[in-house]
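**Q** Need a 3D model of the sequence below.
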Amino acid sequence: MEHVLALILAASTLGVSTPPPAGDEAPAGPSSRMLSTGQSYVRMDPVSASVRAGGYMGGVLEVQFSLDIPDEALREQALSQTLRLRDGYVAALTSYGGLGYRTGQVPDFVSITRLLQQSTDRTLGAPGAEVLIRSIALHEP
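**A** Prediction:
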């Protein structure tokens, strides 16, 4: 009986709540914040790939980063090739997760940065875009 009363009370509280006024906007999440207002700063969406633990999936590696591209022409090229850049980043992280990462270790910041930088230079066809790592997280099951 107590469970039924608790359920009725919870349902009635949900019915009384009102939505926020139309003028209020939801607070921006951490991934939507701008980390720099510089013209050369290009924010990239986080990239993730699975990591292996023996013959099984051992977790998901997620990297949040941006690019610093002082050259305007190269920056425009990077913005127009965002999907190709992301494809290269996923391939780089997947190779790291399958070959470079060992179960129980901390992800290697230097190796991951190097792989993302190589992928950026290869996709854009020229150096000049610097990978700026914001965070690297390993989500294990």
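**Q** Just the mean pLDDT for whichever helix or strand residue 83 is part of, thanks.
**A** Residue 83 is part of helix 82-95 when elements are defined by DSSP states H and E. Averaged across helix 82-95, the pLDDT comes to 95.
**Q** and it, how far from the chain's centre?
**A** 12 Å (C-alpha atoms, centre = their mean, to the nearest Å).
**Q** And stretch 56-73, by the same measure?
**A** Its chain's C-alpha centre and that of stretch 56-73 lie 7 Å apart, by C-alpha atoms, centre = their mean.
**Q** Stretch 65-75 too?
**A** Its chain's average C-alpha position is 18 Å from that of stretch 65-75, according to C-alpha atoms, centre = their mean.
**Q** what does stretch 63-81 give?
**A** Using C-alpha atoms, centre = their mean, the offset of stretch 63-81 from its chain centre is 16 Å.
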